[in-house]
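Engineer: Mind looking at a prediction? Sequence and model below.
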Amino acid sequence: MITIRRATEADAVSLAPRLRSADRDEIRATLGMSPEVALPLFTGGEHVWVALDPDGEVQGIFGIDPVHNNPHLGIVWMVTSMAIMQYRRELVSLAPKWLSRLHRIRPLLGNHIDARNTTHIRWLRRMGFSFLRTHPEFGVEKRPFHEFARLRS
């Protein structure tokens, strides 16, 4: 059973070396740094959680970052290990509840996703996100990224 709790920097340090290669590549393409450097920085926000497996090992980190000067928009994000796939059914039932919670914080959720990250693109579609446009040269590596969003219903 997956447990969700607030994230810590130690959680990020634990997950970083076990990230899915697509998440690792996306962090490098966007920020130009390794997940080992970037992930601990992500946990500093107020709205960041971890998904723990039954043994208490971190299998995912997700959150929402506020957009300054826009009280309606939140940048939603998630990175996971490959082991999270063992809990697909549970994640499918947990995700709508958590999206509802995130939408209470910010009514409009969105971000950009590396066009190569097909697993998370399918997940976002399943969760009701709309894809708005493709930026052909996004991030430090100038790779194609899709812009996506979801409005609270």
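Structural biologist: Right, received. Where do you want to start? None of the values given here were measured: they were computed from a predicted structure.
Engineer: so how far is residue 96 from the closest residue to residue 94 other than its chain neighbours?
Structural biologist: Distances taken as Cβ to Cβ, 6 or more residues apart in numbering put residue 2 closest to residue 94, at 6.5 Å, once the chain neighbours are dropped. No exception for glycine: its C-beta is placed from N, CA and C like everyone else's. Taking Cβ to Cβ, to the nearest Å as the measure, residue 2 falls 14 Å from residue 96.
Engineer: can you check residue 67 too?
Structural biologist: 23 Å.
Engineer: out of those two, which sits in the more crowded spot?
Structural biologist: Neighbour totals were compared for residue 67 and residue 96, and residue 67 leads with 14 against 11 (other Cβ atoms under 10 Å).
Engineer: Relative to residue 110, how far out is the more buried one?
Structural biologist: Noted for residue 67: a distance of 9 Å to residue 110, by Cβ to Cβ.
Engineer: and what of residue 97?
Structural biologist: The value you get for residue 97 to residue 110, if Cβ to Cβ is used, is 20 Å.
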